[in-house]
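Student: got a structure for you, letters missing:
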């Protein structure tokens, strides 16, 4: 998954060992898994050559990082030649059950 | 590595089979590897649940995606407890040789 962290989210991630992002649309900290219980336990943090991106390795509780119930948010593959889309992941959970929508 | 694509970069990537980004700082297409020869041959493209991020799998010619000569741009790990930084990748090439700086 890709998400945004601000300095406060980063500090909370470090201090709690649970990954916290910052939602730019909601303008507040996003404690990943707060609603679903599918939190991310921090394993390790890497940063890139120009120091503006973090790579965070986690233990994903519940087995799915994506709110759609897939392990990865990148569960759709595009065929470069035809533009056809294929679902390549399998659903770990049913979002209607987890989020009680 | 993390980089930006605009629609033109995406179309060029699809049509040539070589990954092309868009440099927001230089305001022009960034044909990855144009200078170093270390181009990225397109293997597959995935997109995420909210359809604003691509995951592109490539064959990285030269073995290093990072301009610092590492396979990955994420070659530095931060210790969450101490803040200490450890280099975790090994250099595939010497950037001073490749970029003739």
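Tutor: Received, thanks. Everything numeric in this text was worked out from a predicted model, so none of it was measured.
Student: up against chain B, what does chain A have?
Tutor: A:1-2, A:13-14, A:17, A:42, A:44-50, A:53, A:55, A:66-68, A:70, A:73-78, A:80, A:88 (Cβ under 8 Å from any Cβ of the partner chain). (Glycine included, C-beta is placed from N, CA and C.)
Student: now, which of those residues lie within helices?
Tutor: Here DSSP state H is the test, and the residues of chain A next to chain B give A:13-14 as lying in helices.
Student: weed out the non-buried ones from the residues of chain A next to chain B.
Tutor: A:1, A:13-14, A:42, A:45-49, A:53, A:66-68, A:70, A:73-78, A:80 (16 or more other Cβ atoms under 10 Å in any protein chain shown).
Student: can you give me the strands for chain A?
Tutor: In chain A, the segments counted as strands under DSSP state E are A:20-23, A:28-31, A:40-47, A:54-60, A:76-78, A:85-87.
Student: pairing partners for the first one, with directions?
Tutor: Taking DSSP bridges as the criterion, strand A:20-23 forms sheet pairs with strand A:28-31 (antiparallel).
Student: go on, the fifth one?
Tutor: According to DSSP bridges, strand A:76-78 has the following sheet partners: strand A:85-87 (antiparallel), strand B:40-47 (antiparallel).
Student: of all these, which one comes closest to residue A:7?
Tutor: When the strands paired with strand A:76-78 are compared by Cβ to Cβ, strand B:40-47 sits nearest residue A:7, at 28.9 Å.
Student: run through who's touching the closest one.
Tutor: Contact with strand B:40-47 is made by A:74-78, A:80, A:88, B:13-14, B:17-19, B:32-33, B:53-61, B:65, as judged by Cβ atoms under 8 Å, 6 or more residues apart in numbering or on different chains.
Student: go with 6 Å
Tutor: With contact meaning Cβ atoms under 6 Å, 6 or more residues apart in numbering or on different chains, strand B:40-47 is reached by A:74, A:76-78, B:17, B:19, B:32, B:54-60.
Student: any low-confidence regions in chain A?
Tutor: A:100-101 (pLDDT under 70).
Student: swap in 80 and give it another go.
Tutor: A:99-101 (pLDDT under 80).
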